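K.L.:
Structure for this input, please:
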Amino acid sequence: MTLASLLSLPRDRNALSLPEAPWPRTLVVAGTAAVLAFGATRVFAIQPAAGAVVLGMLAIAAAQVGARPGPALVVGVIAAIWNDVVALPQALAGFVGPALVIELWAAFLRARPRMPLRRKVVADLCLMSLALGSPVAIGFTAGPGYVDLDAVPEFRRYIIDLTAIGLAYVGLLAAATVMLGRGLRWLRVQTKRRRAYTQDLAEQSAQRSQQAVRASPSLLPRAPAGVAIPFVRQQPRHTLVDRPPRTIDEIDTPAAIIDLDLVKQNIKTLEDFVRFRPVHTRPHAKTHKTPAIGRLQVQAGAVGLTCAKVGEAEAMVDGGIEDVLIANQVVGPIKIERMCRLAQRARVGVEVDDPVNVDEISAAAQRHGVTIGVVVEIDVGGPRGGVQPHDPALALARRVMDRPGLEFTGLMAYEGHTVGIEDWDERNAAARAALAPVIETRELCEAEGIPVREVTGGATNTFDITGTINGWTELQAGTYVTMDAWFRPHAGHAFTQAFWILTSVTSRAKPGYVHLDGGRKSIAFEPSGTPVIDDPEGLEIEVVAEEHLHVKMLDGAPDLRPGDQVRVTPWHGCGTFNLHDTLYVLQDDEVVDIWPISGRGRFT
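P.N.:
The predicted structure is shown next:
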């Protein structure tokens, strides 16, 4: 493998352009940094202020792409000691700076395809300025030895200064051009998405109107035979029924609502957790089923979304998601056909645990001229599918490698039988024991010459366990983004409740009780638990009926009256999202948007 191939951009936007093993990358970093260090040390030694600015730009760019400065620091210390420079701080800056440039370059090539636009702009600006400034640094040297700038002829120093100023202006102009172009592109994308969203709402409204007319023929105007119905011009509509709600008080209940600021906070919490770890996120969309939330997750750093079914993946791609993994077996000619058609519009992956299924997907992919990414699911316990670890998984991975139209991307497992353990130490031990065979299988595959690019899985309750396992690369946590009552004892320390069903009091007739208009038709019913009411305090749900909640008023409960609104936290958010068509997006008590839950009911 040549240096050029190591540092070249990949054709596949999701393929790593550098080897996964740390020692080849460190050798590349060390070798190239040593060459640049000789040309740049004097610049940092003579101009400490310039060195501080460059190191600051390196730190900013490193924060954007998640570069690890460890190899750069090691190279800088060794090179400074070996060079025997008296001014050690300046020498360290001179050697560490170029080493960081190379490490940053490597990390940037790996991370850039899945970086959000904002981080690309910042990283591009820093890297462009550094790249354009490199010739100036080398220009301060002549031949193999260092040259004292005090002895350089004034004319040559004048030429160097002009070159530096010119390159600086070129760098700023190029950076401004890039930022302007991306800004215009961002505006075009947002305008296109807004138009698509408005069109979706209009189509849904029209469909509901047509369904209502078909269900209630009496709504159609009728007249005696031979009598024409006069045309009546509609008057302007100003009532609450005729326009979208503007505040929470105007929302008709029961309704699904989220707090946008808390959703973004939960997304940031998970992305901050993985930022400086060799693991990334592919959140599961089976919870929210809402493309708008998925776009927020991708913009924050997720490589794509995980989906439960082909229909859910279709909804996410229709909503602007470009990379989906179907974390389920896709069997039967109809579903396989739909998956291959979807792969013509987006990058699609699927899990397998059966060799015949592998052959069927391969044949369909060839007919459609697409490539399907494939992960082999491994059984780690619990009531789930998956092939057995070690040799059986190795054999299935080899079969995927040999079939045209398929790309073996790695292994998948879900430690679902451990996520319900409330004690963190017990959950940690159980999850690590369950997932250990997966890492062993990865090592076995790599020993047999089968590259394993991704090891994917994990959950909201185990994100801080699975995400720290050596060899694990991808987290599929889903509920974290909005949370629910069941996950709260396990992950409430990290994520905040951001999703509720807004209900209204309908009856106070029975002393000590109130009825709310939310029931099993609007809040998913789970035998393992009951929805809860956090605010106001003093309310306890005793019965979840089809159309209402029977709520006991405890000591300290407020004096609720018919029409008062109450937020109910579902016991299980995934099933509750599936009961609603629309999601009201709140900031404080203002309705800032209404999003279609276009993945609801897409269970085929």
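K.L.:
contacting residues for the residue lying closest to N578 once chain neighbours are set aside?
P.N.:
Excluding its sequence neighbours, the residue lying closest to N578 (Cβ to Cβ, 6 or more residues apart in numbering) is R600, at 4.9 Å. Backbone N, C-alpha and C define where each C-beta goes, glycine included. Counting by Cβ atoms under 8 Å, 6 or more residues apart in numbering, R600 touches K289, F577, N578, L579, H580, D581.
K.L.:
okay, the second one: pLDDT?
P.N.:
Read that as F577. As predicted, F577 sits at a pLDDT of 97.
K.L.:
thinking again about what came up before, tabulate the contacts of R600 (CSV), appending secondary structure, distance to G386 and neighbour count.
P.N.:
CSV is the format used below for the contacts of R600 (DSSP: H, G, I helix; E, B strand; the rest coil; distance: Cβ to Cβ, whole Å; neighbours: other Cβ atoms under 10 Å):
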residue, secondary structure, distance to G386, neighbour count
K289, coil, 24, 25
F577, helix, 26, 26
N578, coil, 25, 17
L579, coil, 30, 18
H580, coil, 32, 20
D581, coil, 34, 13
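K.L.:
which residues touch the helix or strand in which R295 is found?
P.N.:
Element membership for R295, per DSSP states H and E: helix 291-300. With Cβ under 8 Å, 6+ apart as the test, helix 291-300 has contacts from 116-118, 193, 197, 263-264, 267-268, 271, 281, 283, 285, 288, 304-305, 315-316, 318-321, 481-482, 583, 593, 595, 598-599.
K.L.:
Mind doing that once more with 6 Å?
P.N.:
Residues outside helix 291-300 that contact it (Cβ atoms under 6 Å, 6 or more residues apart in numbering) are P116, I267, E271, P283, A285, L305, M316, G319, G320, I321, W595.
K.L.:
With stretch 589-599 instead?
P.N.:
200, 245-248, 289-290, 292, 312, 315, 577, 580, 582-585.
K.L.:
the domain parsing of this protein - what is it?
P.N.:
14-187, 266-483, 499-568 (automatic domain parsing).
K.L.:
quick one, helices of the stretch 501-604 of the chain?
P.N.:
Assigned by DSSP state H, counting those that start in this stretch, the helices in the stretch 501-604 of the chain fall at 573-577.
K.L.:
try the stretch 151-300 of the chain
P.N.:
Under DSSP H, counting those that start in this stretch, the stretch 151-300 of the chain gives helices at 154-215, 260-274, 291-300.
K.L.:
what about the nearest residue to A363 once chain neighbours are set aside, how many residues close to it?
P.N.:
Closest residue to A363 apart from its sequence neighbours, by Cβ to Cβ, 6+ apart: G405 at 7.7 Å. As a burial measure, G405 scores 19 neighbours (other Cβ atoms under 10 Å).
K.L.:
same thing with T247?
P.N.:
Around T247 there are 11 residues (other Cβ under 10 Å).
K.L.:
That one and Y414, how far apart?
P.N.:
Using Cβ to Cβ, to the nearest Å, T247 is found at 41 Å from Y414.
K.L.:
Show residues contacting the helix or strand hosting V374.
P.N.:
In this structure, V374 sits in strand 372-377 according to DSSP H and E. The contact list for strand 372-377 (Cβ under 6 Å, 6+ apart) reads 343, 348-349, 351-353, 361, 365, 386, 393, 396-397, 400, 406-412.
K.L.:
And the contacts of helix 291-300, which of them are buried?
P.N.:
I267, E271, P283, A285, L305, M316, G319, G320, I321, W595 (16 or more other Cβ atoms under 10 Å).
K.L.:
which residues does the third one contact?
P.N.:
Yep, that's P283 we're talking about. P283 sits in contact with Q297, A302, G478, where contact means Cβ under 6 Å, 6+ apart.
K.L.:
go with 7 Å
P.N.:
When the contact criterion is Cβ atoms under 7 Å, 6 or more residues apart in numbering, the partners of P283 are Q297, A302, L305, T306, Q476, A477, G478, V481.
K.L.:
M553 too?
P.N.:
Here M553 is in contact with G512, Y513, V514, G538, L539 (criterion: Cβ under 7 Å, 6+ apart).
K.L.:
Quick check: the farthest pair among the residues you listed?
P.N.:
Y513 and G538 (12.4 Å; Cβ to Cβ).
K.L.:
Who wins on neighbours among the contacts of stretch 589-599?
P.N.:
Result: T290 is most packed of the contacts of stretch 589-599 (other Cβ under 10 Å), 28 neighbours.
K.L.:
In terms of pLDDT, where does D535 sit?
P.N.:
For D535, pLDDT reads 82.
K.L.:
What of the one 10 residues further on?
P.N.:
A545 carries a pLDDT score of 94 in this model.
K.L.:
How about it: what's its closest non-neighbour residue?
P.N.:
In space, A545 is closest to G519, 5.0 Å off (Cβ to Cβ, 6+ apart).
K.L.:
With S507 instead?
P.N.:
According to Cβ to Cβ, 6+ apart, the nearest residue to S507 is H515 (4.0 Å).
K.L.:
ok so, going back, quick one: which of the buried ones among the contacts of helix 291-300 is nearest R188?
P.N.:
Of those, the one sitting nearest to R188 (Cβ to Cβ) turns out to be G320, at 12.9 Å.
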